[in-house]
Structure formats: structure tokens, C-alpha cells
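**Student:** need a structure here:
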Amino acid sequence: MRAAQATAKMKGPEIHNNKIVIPSDQELIAKVDEFVETRLRDRNIDDSIIADIAICATEVVNNGIIHGNKDDRSKTVTLEMVFSDGEVTITVTDQGDFFDANHIASPVDDENLMREVGRGIFIVKNLMDQVDIERANGGGTRVILIKKLK
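**Tutor:** Numbering: from 1, shown residues only. From the prediction side, this is the model:
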């Protein structure tokens, strides 16, 4: 109960090294983008790779806010970056219901071409080297993005 109360009082991002935690508020997506881009630039990553990673990270965080946490500001989305062996692993975890990506219709199927939703995960899977979606400990969804940096 105490953790839930602390989360409800969170007004903005909390940053600790390569980890950012935000309340479910789409207005904080720019802070996540800045966080990701800064850490990548600090490692002299090519701008085109930074752009791909930032697009994917913010898309997944946005999905966590909207679809996972249902815009509930008392719930958080956490993004953590780990750099190793010429790649970055970004883990995004929400506190909502588990999202099973196997039930997403392909946005390139004829019947889905004009739909306004459903393209995010498709784009993420095409820009990243590996994408894993799994049930987070304690509920919610954990999305793991891996991108080679060279």
C-alpha cells in the first residue's frame, strides 16, 4: 500500500543513472525521448541509430501509458537502458494488464491498411534487432528492445 501511495504522488520523472520512471502521462514522453537520446549521444552513437532507438523507446513507453496503464497517473512506466557488447538493451515495463502482441493484426494486411492504430509494434519490430514482449513480474507488460550499435 505504501508503494502505491508513493507512486500516486509522483509528479514527474525520476531518473537514476540509466533508468527513468514516469507516471502515466503522455506529456512526459518528451522527457523519455531526451533521456534516451542523451545516454546514446554520451556514447557517440550514430544519429540515425539514435533516431531509430528513440522512436522505438518512446512508442513502447506511450503504449505502456495508454494501453497498459490506461492513462492511470497512479501507475508508472519504467525504462531502463543497459549497454554491453556493442548493443543496447532497453526494457520498458508498465503496471497495467499484460499485452499479448501475438493478437495484433498485421498493419500491412489489406483490411488494416487504413486503420489509424496498430502500427507501433510493427514499426518497432522493423527498426530494432530484437523485440521480446513478456508478462512483467507482478503483472503488466515488459518489452525488451535490443539494438546493435555498430
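
**Student:** where does the protein dip in pLDDT?
**Tutor:** Under the criterion pLDDT under 70, the flagged ranges of the chain are 1-9, 101-119.

**Student:** from Val124, how far out is the closest residue to Glu87 other than its chain neighbours?
**Tutor:** Nearest in space to Glu87, with sequence neighbours left out and distances taken as C-beta to C-beta, 6 or more residues apart in numbering, is Lys148 at 4.9 Å. All C-beta spots, glycine's among them, are computed from the backbone N, C-alpha and C. Counting by C-beta to C-beta, to the nearest Å, the gap between Lys148 and Val124 amounts to 15 Å.

**Student:** now do Asp52
**Tutor:** 10 Å.

**Student:** ok, those two, which is more surrounded?
**Tutor:** Val124 (21 against 17; other C-beta atoms under 10 Å).

**Student:** tell me the phi and psi of that one?
**Tutor:** Note on Val124: backbone dihedrals following degrees, to the nearest 10 are phi -60, psi -50.
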